[in-house]
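# Quick one, what's the 3D model for this:
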Amino acid sequence: MSRSDQPDLGRRGFLAGATAVAAAATVPTLAARAEAATAAAASRPNILVILTDDQPLHTEAATPKTLSWLVDGGVEFTRGHVATPLCAPSRSSIFSGRHARHHGVRDNSSPYNLDQSTTVQRHLQQAGYRTGLFGKYLNAWSNKDNPPHLDEWLLSAPVTYNDGTYNDNGTVRTLPGYTTGVIRDRALQFLDKAATDHRPWFAFVAPKAPHGPNTPEPKYANTPVPAWNGRPSVPEADRSDKPDYVQNADRTLADGQTVRRNQLRTLLSVDDAVQALHDKLADLGQLQNTLVFYLGDNGYSWSDHGWGAKSVPYRPAVEVPFYVSWPAGGLGAGTTDDRLAANIDVAPTILDAAGIAPSPLHDGRSLLGTARRDHLLIEWWHRNPGGNPHTWSSYKSGTEQYTEYYALHTDGTGQEVGTGEVLFREYYDLVNDPYQLTNLLYGATPADERRLGIPALATQLAADRAA
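The predicted structure follows:
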């Protein structure tokens, strides 16, 4: 499901004026990176993380300004993933560099399980960084509670696109206006202080878009979006090889088109906000030495396999836009990187760039080096016993994906409960079946499983879950 699969979402038409990424661009050489890093060592970089909510791939049509800055002038990780396709666990993985099974926030109801001493904002603040967070923090975090290890914040309450309630540096109040603009303006105020406060800074900017109800800003309420007639997985004609919850899923192409249209329209305001952040950094003379991440906290299914949400072990839910820019550190030439990257890599990369020793607790790794992983562990937990989708874990590489569903769920404290019995399994050849239409384990014999390498994959998945 590359961009080439979606010609309507290319950089023509709706992306008029945006510069194309050179298809043959490659990652800077190790020597070039080392030279750039040495030159930048005298000055620690600022850190800007821009995190959208429920943004899947193939939404580039709504973000031409973002692409112009962070893709044409940075690095696009074409295999960007989340370790858990759900908001609070994913955000906790970004903050801590850890899998949900290690940081403890397995679902959206247990944000206080996160060990705040492990977060990147704590490490940066202790190292002398000025820290701020603007927008969505963690689901179920009380808006009356101040977030730890931050100097400034504007935390938004549950999704409200207009005239929302915020924790504004310790005071809970309603602020008028469209939420993306409110968050943008407070982030800009934080950046403005760099004109007189010369400490390096960390800013986490997290708009609610394009999360449902995907209410666009009034000026974009009727903006046309490129036509989209689905992909082979929308809907899948025969789902008998899928787990029961997928067999019973009932989202239609029309449902997917509606969600996609509204998501794109809300992302137009995010794109404006990203441009404003870019322009502010340019005015401050800080574009070169600011490490910028842009990614989604999870993807979203536009009725793929009849499913219209996240939380599933399919590519639309676990793969996300993932852009990085840091010209002073050698990440600014408009390149692509096909390594398997994930949200657990954000914190290790930030600490590496800031010259702070990596945490031994990290599951992720710095993306500033050249190390490659051959697969990722991706997981999701259900809060109710027997609910759908069932709790699952997945081995995902660039060429194949093996998933197990379990008799497990999380209890009222976010802890794992259940027998762990394997209830269902899926295996997809992602090279020949990128849309995950044929579960090769459905009706497979033991000989078939050996031929597919399933025993080794199951052993590796068990090892990953036990690590």
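# What residues of the helix ranked longest in the chain count as buried?
If you go by DSSP state H, the chain has its longest helix at helix 253-284. Neighbour counts over helix 253-284 (16 or more other C-beta atoms under 10 Å) mark 255-257, 259-278, 280-281 as buried. Yep, even glycine has a C-beta here, placed from its N, CA and C like the rest.
# helices or strands up against that helix?
strand 46-52, helix 64-70, helix 179-192 (3 or more C-beta pairs under 8 Å, 6 or more residues apart in numbering; DSSP states H and E).
# In JSON lines: these, plus mean pLDDT, mean neighbour count and distance to D363.
Formatted as JSON lines, the helices and strands packed on helix 253-284 follow (pLDDT from 0 to 100; neighbours: other C-beta atoms under 10 Å; distance: least, C-beta to C-beta, whole Å):
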{"stretch": "strand 46-52", "mean pLDDT": "98", "mean neighbour count": "25", "distance to D363": "18"}
{"stretch": "helix 64-70", "mean pLDDT": "98", "mean neighbour count": "23", "distance to D363": "25"}
{"stretch": "helix 179-192", "mean pLDDT": "98", "mean neighbour count": "21", "distance to D363": "28"}
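# between the ones you listed, which one is nearest to Y402?
strand 46-52 (28.6 Å; C-beta to C-beta).
# so where's the stretch 1-150 of the chain shaky on pLDDT?
By pLDDT under 70, the weakly predicted segments of the stretch 1-150 of the chain are 1-42.
# mind redoing it with 90?
Low-confidence segments of the stretch 1-150 of the chain, defined by pLDDT under 90, span residues 1-43.
# hey, where'd the helices end up in it?
Using DSSP state H, counting those that start in this stretch, the helices of the stretch 1-150 of the chain run over 30-40, 64-70, 87-96, 100-103, 120-126.
# looking at those helices, which is buried most?
Of all those, helix 87-96 has the most neighbours on average by mean count of other C-beta atoms under 10 Å, namely a mean of 28.
# Figure out how far that helix is from the centre of its chain.
Once both centres are worked out by C-alpha atoms, centre = their mean, to the nearest Å, helix 87-96 turns out to sit 9 Å from its chain's centre.
# now swap in stretch 411-425 and tell me
Taking mean C-alpha positions (C-alpha atoms, centre = their mean), stretch 411-425 and its chain are 25 Å apart.
# hmm, who's touching it?
For stretch 411-425, contacts defined as C-beta atoms under 8 Å, 6 or more residues apart in numbering pick out 101, 104-107, 109-110, 113, 243-244, 381, 385, 390-391, 402-410, 441.
# From these, list the buried ones, please.
Judged by 16+ other C-beta under 10 Å, buried ones among the contacts of stretch 411-425: 101, 104-107, 109-110, 113, 243, 381, 390-391, 402-406, 408-410, 441.
# sorry, back to before: what's the following helix or strand after the longest helix of the chain?
strand 290-296 (DSSP states H and E).
# Each with direction, which strands does that next one pair with?
strand 46-52 (parallel), strand 322-325 (antiparallel) (DSSP bridges).
# what's the burial count for the closest residue to L267 other than its chain neighbours?
Sequence neighbours aside, A62 is the residue nearest to L267 in space, at 3.8 Å (criterion: C-beta to C-beta, 6 or more residues apart in numbering). A62: 27 surrounding residues under other C-beta atoms under 10 Å.
# residues contacting A62?
Residues near A62 by C-beta under 8 Å, 6+ apart: 14, 225, 263-265, 267-268, 270-271.
# Export these as TSV, with columns for distance to T196.
Converted to TSV, these look like this (distance: C-beta to C-beta, whole Å):
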residue	distance to T196
F14	40
V225	42
Q263	39
L264	39
R265	38
L267	33
L268	33
V270	29
D271	29
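# Going by distance to G330, which of the residues you listed wins?
D271 (25.9 Å).
# close enough to count as contact, the closest one and T63?
Yes: when contacts are counted by C-beta atoms under 8 Å, D271 is listed as touching T63 (4.6 Å).
# Any chance of the backbone angles for R173?
R173 has phi and psi values of phi -160, psi 160 when expressed as degrees, to the nearest 10.
# Could you report the distance from it to L291?
Counting by C-beta to C-beta, to the nearest Å, the gap from R173 to L291 is 32 Å.
# H103 now?
As judged by C-beta to C-beta, H103 and L291 stand 22 Å apart.
# if we can go back for a sec, now the helices and strands packed on helix 253-284 as a markdown table including distance to G296?
Shown next, in a markdown table, are the helices and strands packed on helix 253-284 (distance: least, C-beta to C-beta, whole Å):
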| stretch | distance to G296 |
| --- | --- |
| strand 46-52 | 5 |
| helix 64-70 | 12 |
| helix 179-192 | 15 |
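# list the contacts for V324?
Residues near V324 by C-beta under 8 Å, 6+ apart: 70, 74-75, 77, 291-294, 331, 349, 367.
# ok, what's across the strand from it?
V75, F293.
# Equivalent analysis for F204, please.
Residues in a beta bridge with F204, per DSSP bridges, are V49, L133.
# K136 is in contact with that one, correct?
No: judged on C-beta under 8 Å, F204 makes no contact with K136 at a distance of 9.7 Å.
# residues bridging contact with these two, i.e. touching both?
Both F204 and K136 are contacted by L51, under the criterion C-beta under 8 Å, 6+ apart.
# Would you check how far apart A458 and K396 are?
From A458 over to K396 (counting by C-beta to C-beta), the distance is 14 Å.
# Same drill for those two, tell me which one is more crowded.
Just comparing A458 and K396: by other C-beta under 10 Å the higher neighbour count belongs to K396, 23 against 17.
# Identify the nearest residue to the more buried one in space, disregarding sequence-adjacent positions?
With C-beta to C-beta, 6+ apart as the criterion, K396 has its nearest non-adjacent residue at 5.1 Å, and that residue is L376.
# What is the neighbour count of the one you found?
L376 has 22 nearby residues by other C-beta under 10 Å.
# for G329, same thing?
G329 has 24 neighbouring residues, counting by other C-beta under 10 Å.
# wait, doesn't it sit right on D352?
No: contact criterion C-beta under 8 Å: G329 and D352 do not qualify, at 9.5 Å.
# what residues are shared contacts of these two?
Counting by C-beta under 8 Å, 6+ apart, the shared contacts of G329 and D352 are L368.
# doesn't G97 make contact with S359?
Yes: the criterion here is C-beta under 8 Å, and S359 meets it with G97 at 6.6 Å.
# Which of the two has more residues huddled nearby?
Higher neighbour count among S359 and G97: G97, with 30 against 19, using other C-beta under 10 Å.
# now that one: how far from V346?
7 Å.
# Same list as before, the strands paired with strand 290-296 that is, but in a markdown table and with distance to L452 included.
Formatted as a markdown table, the strands paired with strand 290-296 follow (distance: least, C-beta to C-beta, whole Å):
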| stretch | distance to L452 |
| --- | --- |
| strand 46-52 | 36 |
| strand 322-325 | 29 |
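# Compare those strands and report which one is nearest to T165.
Between the strands paired with strand 290-296, strand 46-52 lies closest to T165; by C-beta to C-beta that is 20.0 Å.
# what is the orientation angle of the closest one with helix 253-284?
160 degrees (axes from the mean of the first three to the mean of the last three C-alpha atoms, to 10 degrees).
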